[in-house]
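**Q** Mind looking at a prediction? Sequence and model below.
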Amino acid sequence: MLKKERHDFIMRQINLHNRVLTSDLVQLLNVSEDTIRRDLQELVDENLLYKVHGGALSKSYHSSFDDSTVYARDSKIAIGKKAVRLIKDGMVVLTGGGTTILEFVKRLPQGLSATFFTISPLVAVELAKYNNIEVILIGGLFSKNSQVTYGGQVITQLSEIKADLCLMGTSAIHPDEGLTDTYWEINQLKKAMLACAKKTAVLCISEKLDIALRLRVCPIESISYLITELDVEHESLSRYREKELNIL
């Protein structure tokens, strides 16, 4: 594979999953670790990503104020608009982090009166712009990779919440393998979020459909709503419709 092809592949993985591990890229591209490190440094030099210990992060994952670097932003806006339909006055809502969740928050009605718990400081900042929304940021260890709080303290706090709805993004979803992730701490965090909500909505651009990663969060049957930018009758969603998911 040519260097340009490797760079394109790396950027696609970054754009889809917001972060990538050097060890995964070595296996996926069948090249040496030194080659991947050089590739990542060159992409850093082009101001396309952030290099961190063990891998790299998307630039769009680190600020709620710069929309110019958000991958597939139009699709995420469309998803956010659909997700807003699920929110009613008086609800208790729990959210994860990520750029799709941020696009959802930015499109909430100004007069909404609700309580929002979140594990994302960036999401909390956006929610704070609404006068009638009570914002509760769940504190704990902070993941520089995922830009959310995590760990035993966070999971304990989550166990005390009874949310009407949990909204989370995902790195991958598959009709047979369900919701999956790459990082153990994020996997455990999402399991705790699912457990404390009556219903769960997964916000997911269509490029993440039919992908399975190494760690399983939950089976597809544990999800109440799947929200993508696609029309609900799109052929890409046919296997998910068979699972009797509510698709928006």
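**A** Structure received.
**Q** what are the phi and psi angles of the most centrally placed residue in the chain?
**A** Closest to where the C-alpha atoms of the chain average out (CA atoms, centre = their mean) is Gly169, at 3.0 Å. Dihedral angles of Gly169 (phi, psi; degrees, to the nearest 10) stand at phi -80, psi -180.
**Q** Looking at the protein, which helix is longest?
**A** Secondary structure of the chain read by DSSP state H shows that its longest helix is helix 3-17.
**Q** low-confidence ranges in the chain?
**A** 60-69 (pLDDT under 70).
**Q** quick one on the thing from earlier: tell me how far the residue nearest to the centre of the chain lies from Glu103.
**A** 10 Å (CB to CB, to the nearest Å). C-beta here means a position set from N, CA and C on the backbone, and glycine is covered the same way.
**Q** hang on, the earlier thing: partners of the residue nearest to the centre of the chain in the sheet?
**A** Leu203 (DSSP bridges).
**Q** how close does it sit to Asp181?
**A** Taking CB to CB as the measure, Gly169 falls 10 Å from Asp181.
**Q** now swap in Ile136 and tell me
**A** From Ile136 to Asp181 the distance is 24 Å (CB to CB).
**Q** Those two: who's more crowded?
**A** Asp181 (22 against 15; other CB atoms under 10 Å).
**Q** residues contacting the more buried one?
**A** Applying CB atoms under 8 Å, 6 or more residues apart in numbering, we find Asp181 in contact with 170-172, 187, 190, 213, 215, 217.
**Q** re the thing from before, assess the claim that the residue nearest to the centre of the chain and Cys204 are in contact.
**A** Yes: using CB atoms under 8 Å, Gly169 makes contact with Cys204 at a distance of 6.9 Å.
**Q** what's the overlap in contacts for these two?
**A** Thr100.
**Q** Show me where this protein has its helices.
**A** For the chain, the helices defined by DSSP H cover 3-17, 22-29, 33-45, 73-84, 99-105, 121-127, 152-159, 184-195, 238-241.
**Q** Nearest approach to Ile227 belongs to which of those helices?
**A** helix 73-84 (5.1 Å; CB to CB).
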